[in-house]
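> fold the following.
(one chain, ligands or ions: 1)
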Amino acid sequence: MTKITRVEPILIAVPYEHGGPKQMRPLGPWTHMETLLVRVDTDAGITGWGEAFGFAASPLTREAISRVVAPLCVGHEFADVPSFMTDLQRKLHAMGRHGPVSFALAGIDIALWDIAGKAQGVPIHRLLGGATRERIPTYASLLRYGKPDLVARYTREAIARGYTAIKLHERLVETVAPGREAAGPNIALMVDTNCAWPADEAVAMARKLKAYDLAWLEEPVDPVDDYDAMARIRRDTGVTIAAGENIGHAGEARYAIGLGAFDIFQPSVTKIGGIVAMRNAIGIAQQHGVRVMPHSPYFGPGLIATLHVIAAWLPEAMCERFYCELEATPLGDAIVARDGHMQVPQRPGLGVDVDEGVTARYRVA
Ligand SMILES: [Mg+2]
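Below is the predicted model of the structure:
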């Protein structure tokens, strides 16, 4: 048994190069890449690091960690991560099925897996059953540029750096077309609209985008949980639909998959509640023959946890890597993709060192 002695959320905000006009978010322009780290200390002297979904949600997620989840962890012992996390999920089910509390649980879960791996001297993927690959094919997840010339430029640049799969975050035929033109016919091209259109318009847009031979069209429908509309697009247009990053627990995944909403399910380890919750959700998708391609456009332990999950459980999946340069990273080379691949860490736990000089320099809360 290991006792948790301290839980500390650490929010860092790092300037980054977007490459185009900065995107707007609900509370203003997106100028920094926020990572909400969760540091967990134990009486065994082992420290684990997790990541809770942050970005614009960071202030709320941080409160959820400090005020709701940490008090249920500190002073408590855990023998294995799944039973500890299942118990936490149960205690918080009235407020933790999606949103900041489930993001906070993800931060704890990842940190506990890091601790468990370090305690046993094995990488997390070994605790999950063993890796089938040492490097994971990774796609470049381009930011939204909204301008045809920038889409073409960064598509070409990403391919020159070795990526063979590119995802655009564009919403117009005029900005998708130059991506396909720059990529040529042999590169996998995806489009993620982040819930751009009401159902009828989404069906019409899916038809128009068919000409660009997309490996998948991601989150085309507004509102985010209109699963009937996604099923209709699949049925009426034959376009491959991917979604799921905004699903907060396995039950909703079961519901959406039951409605036939996705060809590809994209659970997000820092949102859905961590690796234990991923296992449940992935199991449901696999029972229904739905492919899984995790969501991971972040730069902390969540990205590394995703590599372990893919290595152990998803032999067909690619990893998602946000395509932008950060001024600094506390995880060093571990977040770098080379020749379109990311390395699965082989050292104990997450297998990465957190540079606390970097976290101190960029800490904002
Ligand atoms: Mg997405």
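
> alpha carbons only for contacts and neighbour counts from here, please
Noted.

> just give me the longest helix of this protein.
helix 100-120 (DSSP state H).

> please report how far the residue at minimal distance from the centre of the chain lies from residue 286.
Nearest to the geometric centre of the chain sits residue 296, at 2.3 Å (Cα atoms, centre = their mean). Distance, residue 296 to residue 286, using Cα to Cα, to the nearest Å: 19 Å.

> what angle do the longest strand seen in the chain and helix 100-120 make?
For the chain, the longest strand by residue count, based on DSSP state E, is strand 2-17. Using axes from the mean of the first three to the mean of the last three Cα atoms, to 10 degrees, one finds that strand 2-17 and helix 100-120 are set 110 degrees apart in direction.

> helix/strand/coil for residue 137?
Three-state call for residue 137 (DSSP: H, G, I helix; E, B strand; the rest coil): strand.

> okay, and the beta partners of the residue lying closest to it once chain neighbours are set aside?
Among residues not flanking residue 137 along the chain, residue 341 sits closest, at 4.4 Å (Cα to Cα, 6 or more residues apart in numbering). Legend: beta-bridge partners of residue 341 under DSSP bridges are residue 137, residue 338.

> picking up where we left off before, what is the longest helix of the chain packed up against?
Packed against helix 100-120 by the contact rule (3 or more Cα pairs under 8 Å, 6 or more residues apart in numbering; DSSP states H and E) you find strand 32-42, strand 47-52, helix 58-63, helix 81-91, helix 124-127, helix 269-272, helix 275-287, helix 301-313.

> quick one: it to helix 81-91, angle?
Taking the same axes, to 10 degrees, one finds that helix 100-120 is oriented at 160 degrees with respect to helix 81-91.

> the inter-axis angle of helix 100-120 versus strand 32-42?
With the same axes, to 10 degrees defining the directions, helix 100-120 sits at 50 degrees from strand 32-42.

> show me which residues of helix 100-120 are buried.
Of the residues in helix 100-120, 100-119 count as buried by neighbour count, 16 or more other Cα atoms under 10 Å.

> tabulate the CA atom coordinates of it in PDB.
Output of helix 100-120 as PDB, limited to C-alpha atoms (Å, rounded to 0.1, in the frame of the first residue of the first chain):
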ATOM      1  CA  PRO A 100     -13.600  19.700 -14.800                       C
ATOM      2  CA  VAL A 101     -14.100  16.900 -12.200                       C
ATOM      3  CA  SER A 102     -13.600  14.200 -14.800                       C
ATOM      4  CA  PHE A 103     -10.600  16.200 -16.100                       C
ATOM      5  CA  ALA A 104      -9.200  16.400 -12.600                       C
ATOM      6  CA  LEU A 105      -9.700  12.600 -12.100                       C
ATOM      7  CA  ALA A 106      -7.600  12.100 -15.300                       C
ATOM      8  CA  GLY A 107      -4.800  14.000 -13.700                       C
ATOM      9  CA  ILE A 108      -4.800  11.900 -10.600                       C
ATOM     10  CA  ASP A 109      -5.100   8.600 -12.600                       C
ATOM     11  CA  ILE A 110      -2.100   9.400 -14.800                       C
ATOM     12  CA  ALA A 111       0.000  10.400 -11.900                       C
ATOM     13  CA  LEU A 112      -0.900   7.200 -10.000                       C
ATOM     14  CA  TRP A 113       0.000   5.000 -13.000                       C
ATOM     15  CA  ASP A 114       3.400   6.900 -13.100                       C
ATOM     16  CA  ILE A 115       3.900   6.100  -9.400                       C
ATOM     17  CA  ALA A 116       2.800   2.400  -9.900                       C
ATOM     18  CA  GLY A 117       5.300   2.000 -12.800                       C
ATOM     19  CA  LYS A 118       8.100   3.600 -10.900                       C
ATOM     20  CA  ALA A 119       7.300   1.500  -7.800                       C
ATOM     21  CA  GLN A 120       7.600  -1.700  -9.900                       C
END
